[in-house]
Every structure is written in structure tokens, then in C-alpha cells.
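Chemist: turn this into a model:
(one chain, ligands or ions: 1)
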Amino acid sequence: MTYRLELNEASIAFGTTEVVKRVSLKLREGDIGCLLGPSGCGKTTLLRAIAGFEPLRQGSIALHGKVVCDTQHMIAPEQRRVGMVFQDFALFPHLSVAENIGFGLRGRTAQAKQARIAELLTLVGLTDAAQQHPHQLSGGQQQRIALARAMAPRPEILLLDEPFSALDPELRGQLASEVRTLLKQDGITAILVTHDQTEAFTMADQIGVMNQGELHQWDSGYNLYHHPATTFVADFVGRGALFAIKVADRNSIATPFGRLSGKLPNGVRPGTGLQLLIRPDDIHLTTKQDGIYARINDRLFQGAEYLYTLQLESGDRFQCLAPSHQQHAIGDTVTLKLDMQDLVLFSDDGQAL
Ligand code: ATP
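Modeler: Model (predicted):
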């Protein structure tokens, strides 16, 4: 199978500092990928390398099966047919909306150009604004035009660098889901860079979590949340707590919550120390008297739910969600039940088992 984008052990360095370390990933045609991670982890640098603005120290990048960069060759950005959308929109202020969209369509007949502009104006829902100038539009409308301009020449791949960060939070969520629909309707393959996991979940088919230049996992949002590959991913994506546990026998572990049964990976020996991930949605507060007792240390009203911070007798702390009509006060002792599909376990070096 030929992938639209394929990175093979790609490393990027500035001087002696390696800021992207042996990253490999594959993106299928029409899919939306995302690079997610904390500030400084190397997301933008990797995106710039895909665009052709940074050379590789090691490895290769291929677009549609053709190597565009390795340690010997580097095809120029304009020959890669890559589209880019930036956080500051970067529209031409003196050009109309239609002219902005048509900017990258040089070399086509006037008729073909007009047809593609009209198609994109319809797609982004701004047909009536064709003759207006960027300053006459809202931030969200300007970003839709920037997107239409980048999509116009049908790039091999569209790269979006924090495209919503200049917009207010409510608009960001709405636009992220709209942009996903637009890209899917036009069949465009794209890579988004963000540090916002909600945005990543909303837009992407495949998400890569990066830390300090390393790609920890390249996977669906569901798998990142439910089957994180490392403790870093477990911690960075969604809420959760890690507990030190010991393997008790072939199918149970001794934890601060008591003995828990579940499928354990082959070969783990009784007595081995591991870490167990518990997500807030693995825990249910009950009214039963028998069960695991915990004290409510804190609570945060979130509308439909309260996010409670609980503490076990052992001193271990964790969070859980409960419907907000079922109120518990700080200091109350509550009973809880664990409801997990799988035991999500990690070895001491932070790798999932
Ligand atoms: P942010 O979300 O803050 O933009 P990021 O994950 O996109 O962060 P990068 O901008 O890729 O991170 O930067 C990764 C590392 O590379 C950082 O330590 C940064 O200081 C360094 N870096 C980026 N560009 C250069 C450069 N031109 N010269 C030297 N170091 C650089």
C-alpha cells in the first residue's frame, strides 16, 4: 500500500541538538493526522521538515511513495505540492476573498480558476463574501478563507500549524469540527499541529503524541486514551492516575484498591512491581456500604458532572467523575467501585505491557 505521507526514522538537529528523534509514521490518503505534544517537543520542526523547510539529519520523508527528503536529497518546498495554514491566517489584505483563494491557482485557465474558487467558496460557506476584503470578515471567516486558499491547488498534503490558536475557545471547537468536515468533503490529506487534545480528538484520524523529540505513539484517539503506549501518553492524554502495584498471581494484582483480577501479559512473574493506570471513568461512586472507602479531598463543578479528587487510606490520590445531582461534600467518606475493561499496566521504565 502506498501512503500519502511516510516518515522513516526521521531525525532533525539544530547544531548538535537533536530536536526530532527517529520519528516513523504513515498516513493514508484522505486521512487527517495530528502531532500533539507540549511546547518545545518538536512538532513544528517536524511539520517544517515535511514542508521542505528543514533538512533531515537521518531517515527519510516520502510523499505519495516518492522520497522528497533524505540525508542526500532535499526537494524544494515549492516542488512538493504542500499547502500550509498558519495560526495568523496570513491572508493578503489588499486582495479580495476570491483573489486570496485564487492566489495559488496560477497557470490555470480563467474558467478553471473561477470554477475552483466558486467551489471552495461554497464549501466554506462564504459565497456572499467573495468580493470583500479580509479585514471585513471575522477571525473564524478569515481562517476559513486561509483554509480554502491552501486547499485550492489540491495539495498532496495540507499542513496546519496551530490553525485555531488565534481564535476564542468556543469558536475553536466549532471550527475544528467544521474544518474536518471540509477536508473530508474535498478528500484532502492533512497534518495538524496542536497542543490541544480536544482539537486533536475532534479533527484527527491518527494522532502522534510527542515528547522531547520522540514520537511515543501514533494511533487513534481512542487507543491513546484506552491503550496508551507509555506513561507519558497516559498522563498527557486525558486525566488519570498511576498506582504502584505488585503482580499477585497469574491473573490478579495487589493494588491500593485491594486485589484486582484481569488478564495479565504472558511472562510477568508474581512479585513484579508495575504501574496501573486508572482513569476517572473507571471509578463509580456507590451508595453501598461495603466496597473501597475514599475521602473527598476536592471537587470541581463541571456542569453535568463533578470532578472529585479522592484519597485512599494509603494516601494515594486520584480523580473520578460523578453526576452533579449526586453531590458529595469535601471531607465526606464515599464508597467506590472499579469498572475497568482491561488492566492498563506499565513497566518501571514507563512502557506499556
Ligand atoms: P510550540 O508548541 O511551543 O511551538 P513545538 O513542539 O512546535 O513547540 P518546535 O518549535 O518544533 O517545538 O521546537 C523544538 C525545539 O527545537 C525547541 O527546543 C526549540 O527551541 C528548538 N528550535 C526550533 N527551531 C530552532 C532553530 N531554528 N534553531 C535552533 N533551535 C530551534
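Chemist: when you work out contacts or count neighbours from here on, use the C-alpha atoms and nothing else.
Modeler: Fine.
Chemist: now do the contacts for residue 88.
Modeler: 163, 166 (CA atoms under 8 Å, 6 or more residues apart in numbering).
Chemist: how about the residue lying farthest from the centre of the chain, phi and psi?
Modeler: Within the chain, residue 289 marks the point farthest from the mean C-alpha position, 40.6 Å out by CA atoms, centre = their mean. Taking degrees, to the nearest 10, you get phi -80, psi -30 for the backbone angles of residue 289.
Chemist: so what's it up against?
Modeler: residue 335.
Chemist: repeat that for 10 Å
Modeler: 334-336 (CA atoms under 10 Å, 6 or more residues apart in numbering).
Chemist: just put these in TSV and tack on neighbour count.
Modeler: Shown next, in TSV, are the contacts of residue 289 (neighbours: other CA atoms under 10 Å):
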residue	neighbour count
334	19
335	16
336	20
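Chemist: wait, which of those residues is closest to residue 50?
Modeler: Nearest to residue 50 among those: residue 336, at 48.3 Å, using CA to CA.
Chemist: just checking, the closest one touches residue 291?
Modeler: Yes. Counting by CA atoms under 10 Å, residue 291 is a contact partner of residue 336 at 6.1 Å.
Chemist: show me the common contact partners of those two, please.
Modeler: 257, 285.
Chemist: contact partners for the residue in the stretch 101-250 of the chain that the ligand sits nearest to?
Modeler: Closest to the ligand within the stretch 101-250 of the chain is residue 195: 6.2 Å, counting by CA to the nearest ligand atom. Shown in contact with residue 195 (CA under 10 Å, 6+ apart): 34-39, 41, 43, 162, 165, 209-210.
Chemist: per-residue pLDDT, it?
Modeler: For residue 195, the pLDDT comes out at 90.
Chemist: leaving out chain neighbours, which residue sits closest to residue 210?
Modeler: Leaving out its chain neighbours, the residue that sits closest to residue 210 by CA to CA, 6 or more residues apart in numbering is residue 37, at 4.9 Å.
Chemist: does the one you found touch residue 208 like I think?
Modeler: Yes. Taking contacts as CA under 10 Å, residue 37 lies within contact range of residue 208: 8.2 Å.
Chemist: between the two, which contacts overlap?
Modeler: Taking CA under 10 Å, 6+ apart as the criterion, residue 37 and residue 208 both touch 43, 193, 215-216, 233.
Chemist: these also near the ligand: which ones?
Modeler: Restricting those to those within reach of the ligand (CA under 6 Å from any ligand atom) leaves residue 43.
Chemist: need the shared contacts of residue 37 and residue 208 in CSV with secondary structure and neighbour count, can you?
Modeler: Output for these, formatted as CSV (DSSP: H, G, I helix; E, B strand; the rest coil; neighbours: other CA atoms under 10 Å):
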residue, secondary structure, neighbour count
43, helix, 29
193, strand, 24
215, strand, 22
216, strand, 20
233, helix, 22
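Chemist: of all the shared contacts of residue 37 and residue 208, which two lie farthest apart?
Modeler: Longest span within the shared contacts of residue 37 and residue 208, CA to CA: 193 and 233, 16.4 Å.
Chemist: show me which residues of the chain sit near the ligand.
Modeler: 14, 19, 39-45.
Chemist: show me the residues you listed that map onto strands.
Modeler: Within the residues of the chain next to the ligand, residues falling in strands by DSSP state E are 14, 19.
Chemist: of the residues of the chain next to the ligand - the most surrounded one?
Modeler: With neighbours taken as other CA atoms under 10 Å, the top of those is residue 43, carrying 29 neighbours.
Chemist: tell me which element residue 148 falls in.
Modeler: Assigned by DSSP states H and E, residue 148 falls within helix 139-151.
Chemist: using CSV, write out every CA atom in that helix.
Modeler: Provided in CSV are the C-alpha atoms of helix 139-151 (Å, rounded to 0.1, in the frame of the first residue of the first chain):
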residue,chain,number,x,y,z
GLY,A,139,-11.5,35.7,12.7
GLY,A,140,-13.3,32.4,12.0
GLN,A,141,-14.3,33.5,8.5
GLN,A,142,-10.7,34.6,7.8
GLN,A,143,-9.4,31.3,8.9
ARG,A,144,-11.9,29.5,6.6
ILE,A,145,-10.6,31.6,3.7
ALA,A,146,-7.0,30.8,4.6
LEU,A,147,-8.0,27.1,4.5
ALA,A,148,-9.8,27.5,1.2
ARG,A,149,-6.7,29.2,-0.3
ALA,A,150,-4.4,26.4,0.9
MET,A,151,-6.9,23.7,-0.4
